[in-house]
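Q: A structural model of the following input is requested.
(one chain, ligands or ions: 2)
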Amino acid sequence: MHAMRIPTDHPLLLRIVDDLATHGWSQQNIFLPESLTRELAQECRKRAAEGELEPAGIGRGPAQEVREGIRGDRIQWLEPGQAECCDNYLEIMDSLRLALNQGLFLGLEDFESHFAQYPPGAFYLRHVDRFRDDDKRMVSAVLYLNDAWRPEHGGQLRMYLKNEVECDVEPIGGCLVVFLSGEFPHEVLPATRDRLSLTGWFRRRGNDLFA
Ligand code: OGA
Ligand code: MN
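A: Numbers count the residues shown, from 1 in each chain. Ligands and ions are numbered 1, 2, ... in the order given. Coordinates of the predicted model:
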């Protein structure tokens, strides 16, 4: 089923491509139809309630470890074919992948994505999304799934932009933030309520033999 396939020259996608080309990042406050955001939020809450989300690790491969002093979220990776709303989301992100390739020649080959739940008080300290031993992640994309989020709930994504400019993004349902993975340090501030998102990365093919 390709119900959510959108053309790569859709104005929303072109705006993101243009923002990335000029600023290296983009914030789209209304990226998804409200109904799809609601379904994704429900799916995330269901999985959390069923105990399917697990403490996120730091780093890659065997060196990966869980350190709540660095990040306190619980995650589950998306697989195609598990839920229609997730498949619709992956379909839309694949359209964005194609648009990024057409506009920026990034050679993005796939998109990996996980649900994330930050319980109250959880945070993710300042970091960059690209691993030192793995530079396949090119573009990060975070979609927020929170209903009626207010600034006093905290949980902002703090982006450290160029020239010591900081920008705080409220994790409001339906908002998508996209940025070049290697360029911008960022952090997740603690919140007073559960903070849900779908976080993902567009990747290019690795240039080592084992990728
Ligand atoms: C991450 C991350 C940002 C956010 O998972 O690497 O930085 O706003 N998430 O959830
Ligand atoms: Mn990050």
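Q: ok, then the element right after the one helix or strand Tyr89 maps to?
A: In this assignment (DSSP states H and E), Tyr89 forms part of helix 84-104. Following helix 84-104 in sequence order, the next helix or strand is strand 108-118 (DSSP H and E).
Q: could you give the mean pLDDT of that next one?
A: Per-residue pLDDT over strand 108-118 has a mean of 97.
Q: tell me what it is packed against?
A: helix 34-49, strand 74-77, helix 84-104, strand 137-144, strand 195-204 (3 or more C-beta pairs under 8 Å, 6 or more residues apart in numbering; DSSP states H and E). Any C-beta I mention is one placed from the backbone N, CA and C, and that applies to glycine too.
Q: other residues contacting whichever helix or strand comes after that strand?
A: Using DSSP H and E, the helix or strand that follows strand 108-118 in sequence is strand 124-127. Strand 124-127 is contacted from outside by Gly69, Ile70, Arg71, Gly72, Asp73, Tyr118, Arg158, Tyr160, Pro185, His186, Glu187, Val188, using C-beta atoms under 8 Å, 6 or more residues apart in numbering.
Q: what residues does this structure put near ligand 1?
A: Ala116, Tyr124, Asp129, Val142, Leu157, His186, Val188, Ser197, Thr199 (C-beta under 6 Å from any ligand atom).
Q: and the second one, bridged to which residues?
A: When bridges are assigned using DSSP bridges, the partners listed for Tyr124 are Arg71, Val188.
Q: how near is it to Ala191?
A: As judged by C-beta to C-beta, to the nearest Å, Tyr124 and Ala191 stand 11 Å apart.
Q: need the residues touching each of these two.
A: Common neighbours of Tyr124 and Ala191 (C-beta under 8 Å, 6+ apart) are Tyr118.
Q: neighbours around the residue of the chain found nearest ligand 1, how many?
A: Residue nearest to ligand 1 within the chain: Leu157 (3.6 Å; C-beta to the nearest ligand atom). Number of residues near Leu157 (other C-beta atoms under 10 Å) recorded here: 22.
Q: coming back round to it: ok now the helix holding Tyr89, how far from the chain's centre?
A: 13 Å (C-alpha atoms, centre = their mean, to the nearest Å).
Q: buried stuff in that helix?
A: 85-101, 103-104 (16 or more other C-beta atoms under 10 Å).
Q: repeat that for stretch 103-119.
A: So, applying 16+ other C-beta under 10 Å, buried residues of stretch 103-119: Gly103, Leu104, Leu106, Leu108, Phe111, Ser113, His114, Phe115, Ala116, Gln117, Tyr118.
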